Structure formats: C-alpha cells, structure tokens
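> requesting a structural model of the entry that follows:
(chains A and B)
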Amino acid sequence: MESEELGVLIERFGPLVFRRCLKILGNRHDAEDAAQEVFVRAWDGMSSFKGESGVGTWLYRIATNHCLNLLKKREFDARRGSSWTYLNLPEPWFDAEQAALFHGILKGVDAETGEIGLYYFLDSMTQDEIAEAMSLSRKTVGKKLKAFEETCRRLLADGQD
Amino acid sequence: MGKIENMLNRRPDGCLSELAAEMFLCGGLSGDKNAAAETHLRDCPHCAAMLERMEGSVGGWRPDAGLIRRRQAPVGLFERLASWLGRPAVLIPVAALSAILVAVPVLLYEKERPGAVRPKGGVSLRLFEKTEGGARPGIPGEALKAGDTIKFAVQPGGHRYVMVVNIEEGGGLALYYPKEGDGIIHETDRETVLPGSITLDDFKGRERVFAVFSDAPLRFAEVSAAAARLPRAGGTLDLEHTEALPLDLPQASVLIRKE
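Have a look, this model is predicted:
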C-alpha cells in the first residue's frame, strides 16, 4: 500500500477508529492516542489483512482489541498507584459504572468471549454480524455468548451489580 | 434494574448495530444493506439520534500519517518487502542482486558486534503541549497547569532504547515511557515522537522529566534506584540544577513548572 492509500485509509476510516476508541475508553485524549496506535498497527499489519471482512470491520476489530487491552493495563497501573496517565476527564455520556462492570465481566471470560460479548450486548450486533466480522461459525458465537451471559448472571447472583 | 441487567437488554432487533452504523457513515454498506439502513433511519428516532451523536463526536481529529509511516515496525517492512519481492517482474533483478543482499548484512553485522565502535550523536528530549487538533513545542521551565496534556519527542543519538521518567521535587517518581514493551526505538538516527501522552495532575511545583538512553532494554528498578540516590536538601530535590540521574548512560531532561 502506497502513501496515498494510507491517506485514503485515514480519510475514510479515521472517524470510525476514533469513535470506537472513544466509546470504549471514554475520553478524548486516550482515544486520540489509541486511534493513532490502531492505525500504526493496521498499517504495519496490512499484509496480513486477508480480506475475509471489509477493511472497516477489520479496523473496528483492531481498535476494539487494542482498547480492551488498554483497559486491562489501566487497571494494572491503577493497582500500582500511578496517578499520572488516567486523570483525563471522561466524556459526559460515558457510563463509567457500566464500563467498570463490563471490565469485571471481561476478567471472568477469555479474550474472544469478551470481544463477542461486547459486540452483542454493548454494540447490539447480531450473532450473524459477529460471526461474519470475526470469521467464526454462528454456532461458536452462540456458545461463547452463552458463556458470557452465564458470567454476567453469576456476577448478578453474587450481588456485584 | 441493575447495570448488568440493563446491559443484557439489547437494543431492539432491527435497530442498527454500532458496526452497521459505522459502516453506514463511511459508505461501507452494500447497496441492499445501505437502502435498508436508510429506511430504518427514517422511522427510528433512536438510531437517527445515535448517528447524529456519532458524527458529532469526532471533532477535527485525524491520525498523523507521518507518524504512522515513521512508526512502522521492522517486521511490517520486511513483510512488505517480501511481498514486493514475490512479484515476477522483480524476481530476476533480485536474483542478480542476491549476492549483495547476502554480503551487506554480513558486513553490517561485523560492524555491530559488541565492542565495535559505533559513532553516536547527542541525545535530546523535547516536550510538546497538546492543543486542539495538534501540539506545540514546550519551552523548558515553562509553567504548565493541571489538566494540560504533554507529549515527548526524543533524539536517540544512535541508541536503541529509551526510558522516560518523571521526578517531583518531593521525590515522587513516575514511569512515563515505555508503558508496555521495552522502549525500543526503530529509527535511532532521527527525532522520534513517543506514543502516548500525559495529562498533568494537580501537583504544584517543579518536576523534571528524564530520558535515559541505552543499547539494551532498561529496567525501571535500575532507574528508580538511581533516582533514590539523588541528593536532597531538607527532603527536597534540587531539580533546577539536577539535569541527569546518577547513571552511566546518556540522558536528557526537561524541567517542568506546574502552577
């Protein structure tokens, strides 16, 4: 891919990637850095893009996974007592309580199940959409969703809601 | 109803998912799906409002294409080169050049062996203050406020790794870079903007940011121990005049004043 193609990629999908990061991270400063990093990774891994899904979907997934990893790291840093990085003010619409809950659920499931749960419950994707985006069978998606939901119900029963 | 219960109640079937809405906005939906989305949006105020909110949330932000090109990892470059080499039109000249391609890395390896002399220029650390849609260079010693966001650029002077730490007058130490990985710098001969940014907390006083360069990954414990050895007067560090940590490694630093 040549430089001008990078320009087209940025022009067309920059807003998508930024919004994705903003939705998961909840504040603009972190989202700007994360979105920039997503493009670095995508540009680096362009040769591994197999075209099973569209470029937009591929970027959407890279952004999702990158931000979920950042959330894990954010918690790690908070545990270490770092007060520097995460003082950014969240966007007014950002439901920090729900984000924390979702993060709690993510700790109880594997990464793929967490990604599927996020797509289904927070992004309102259908199981078919998820299966297509992740190149998985509809059956696998259904199975993983069940595991995700069971974890949610367990947390609910434990009174963590 | 609790938050988890809320979360398990999805938007009604038929509404646009987040991904479908994004694809609609960037023109990535196929003809049928696009027409269905347009029809749905005319009748669903919820989805129409969601789309409006999404469109308004980006502001003027765009990724920095120059930074993306500069940050390409060697593996990506190799993969791209391999893909290019695989083209038939390139195969013959490549075969003719193969001897050179083999010989040059060997010679370079000889130069890079431990103990070999490698010329290095000076190292530097620059501070940038993030502004709406960009960044402006900071002036050393310039007063900054809580909530200001800063980024750093380093000139590694030929060194392959960098660690950036911040020390407060009271001795508080924070690791700024690398937050993950080993702090490798891919282009050691030019200034590199470090990924990530810092939003300043409400601590008031002097702080100094140190960039420590090396040819092998640095351990935070080593830098932290060096910071603990800095001389104090009445429990306070003289950051105004302390420009380097007691480490036998190339360093650069910037003084920050917070008001």
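> how's the chain carved up into domains?
Answering for chain A, as no chain was given. Residue ranges of the domains in chain A are recorded as A:1-91, A:95-161, according to automatic domain parsing.
> chain B was what I was after
Using automatic domain parsing, chain B is parsed into the domains B:3-56, B:67-112, B:124-258.
> any idea which residue is closest to the centre of chain B?
B:Pro195 (1.0 Å; CA atoms, centre = their mean).
> show me where the chain has its helices.
I went with chain A, as the question did not name one. Remark: helices assigned in chain A by DSSP state H are A:3-25, A:28-44, A:55-80, A:96-107, A:111-117, A:127-134, A:138-157.
> right idea, wrong chain: chain B
Counting by DSSP H, chain B has these helices, from start to end: B:3-8, B:18-25, B:31-43, B:45-56, B:65-70, B:74-85, B:88-112, B:220-228.
> who touches the residue nearest to the centre of chain B in this structure?
Applying CB atoms under 8 Å, 6 or more residues apart in numbering or on different chains, we find B:Pro195 in contact with A:Asp33, A:Gln36, A:Glu37, A:Val40, B:Arg71. For the C-beta atoms, the positions are set from N, CA and C on the backbone; glycine is no exception.
> which of these ranks first by neighbour count?
Neighbour count (other CB atoms under 10 Å in any protein chain shown) singles out A:Gln36 as the most crowded of the contacts of B:Pro195, with 25 neighbours.
> if I pick that residue, what's in contact with it?
Contacts here follow CB under 8 Å, 6+ apart; on that basis A:Gln36 touches B:Pro63, B:Asp64, B:Leu67, B:Ile68, B:Pro195.
> list only buried entries from those.
If you count burial by 16 or more other CB atoms under 10 Å in any protein chain shown, the buried members of these come out as B:Pro63, B:Asp64, B:Ile68, B:Pro195.
> next, count neighbours for residue 65.
Since you didn't name a chain, this refers to chain A. Around A:Asn65 there are 17 other residues, counting by other CB under 10 Å.
> um, chain B though
Counted with other CB under 10 Å, the neighbours of B:Ala65 add up to 18.
> what about it, distance to A:Val17?
For B:Ala65, the distance to A:Val17 under the criterion CB to CB, to the nearest Å works out to 13 Å.
> now for the closest residue to A:Asp123 other than its chain neighbours: which residues touch it?
Counting by CB to CB, 6 or more residues apart in numbering or on different chains, B:Glu18 is the residue found nearest to A:Asp123 once chain neighbours are left out, at 3.7 Å. Residues in contact with B:Glu18 (CB under 8 Å, 6+ apart) are A:Lys23, A:Leu122, A:Asp123, A:Ser124, A:Met125.
> mind checking which of those are in strands?
Assigned to strands by DSSP state E, none of the contacts of B:Glu18 qualify.
> can you put the residues you listed in CSV and add neighbour count?
Supplementary listing: the contacts of B:Glu18 in CSV, determined by neighbours: other CB atoms under 10 Å in any protein chain shown:
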residue, neighbour count
A:Lys23, 22
A:Leu122, 18
A:Asp123, 22
A:Ser124, 21
A:Met125, 24
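> enumerate every residue touching the residue nearest the centre of chain A.
Averaging the C-alpha coordinates of chain A gives a centre point, and the residue nearest to it by CA atoms, centre = their mean is A:Thr64 (2.3 Å). Counting by CB under 8 Å, 6+ apart, A:Thr64 touches A:Arg20, A:Ile24, A:Glu115, A:Leu118, A:Tyr119.
> name the nearest residue to the first one, sequence neighbours excluded.
In this structure, A:Arg20 finds its nearest non-sequential neighbour in A:Ala63, 4.0 Å apart by CB to CB, 6+ apart.
> follow-up on the earlier one: name the stretch among the helices of chain A that sits most buried.
Across the helices of chain A, the average number of neighbours (mean count of other CB atoms under 10 Å in any protein chain shown) peaks for helix A:28-44, which reaches a mean of 23.
> that helix - what's its average pLDDT?
Per-residue pLDDT over helix A:28-44 has a mean of 87.
> and the contacts of B:Pro195, which two are furthest apart?
A:Asp33 and B:Arg71 (12.3 Å; CB to CB).
> show the pLDDT at residue 12.
Picked chain A for this. Note for A:Arg12: predicted pLDDT of 87.
> I was thinking of chain B, sorry if that wasn't clear
On the pLDDT scale, B:Pro12 gets 68.
> one more: B:Ser83?
The pLDDT attached to B:Ser83 in the predicted structure is 48.
> from what I can see B:Arg160 touches B:Glu187, true?
No: counting by CB atoms under 8 Å, no contact exists between B:Arg160 and B:Glu187, whose distance comes to 10.2 Å.
> which of these two has more residues huddled nearby?
Just comparing B:Arg160 and B:Glu187: by other CB under 10 Å the higher neighbour count belongs to B:Arg160, 16 against 11.
> phi first, then psi, for the more buried one.
As for B:Arg160, its main-chain torsions (degrees, to the nearest 10) stand at phi -90, psi -20.
> tell me how far it lies from B:Asp13.
Look at B:Arg160 and B:Asp13: by CB to CB, they are 54 Å apart.
> what about B:Leu218, distance to chain A?
Applying CB to the nearest CB, to the nearest Å, the value for B:Leu218 to chain A is 18 Å.
> same check, this time on B:Leu51
For B:Leu51, the distance to chain A equals 11 Å [CB to the nearest CB].
> kindly report the same for B:Thr39.
Distance from B:Thr39 to chain A, by CB to the nearest CB: 17 Å.
> OK, contacts around that residue?
By CB under 8 Å, 6+ apart, B:Thr39 has no neighbours at all.
> for B:Glu38, grab the count of nearby residues.
Under the neighbour criterion other CB under 10 Å, B:Glu38 is assigned a count of 11.
> for B:Leu51, same thing?
The burial count assigned to B:Leu51 is 18, neighbours taken as other CB under 10 Å.
> shaky segments in the stretch 101-250 of chain B?
B:101-121, B:131-142 (pLDDT under 70).
> mind listing the strands for it?
All strands of the stretch 101-250 of chain B, identified by DSSP state E, counting those that start in this stretch, fall at B:124-131, B:134-137, B:143-144, B:149-155, B:161-168, B:173-177, B:192-193, B:198-199, B:205-214, B:232-233, B:236-237.
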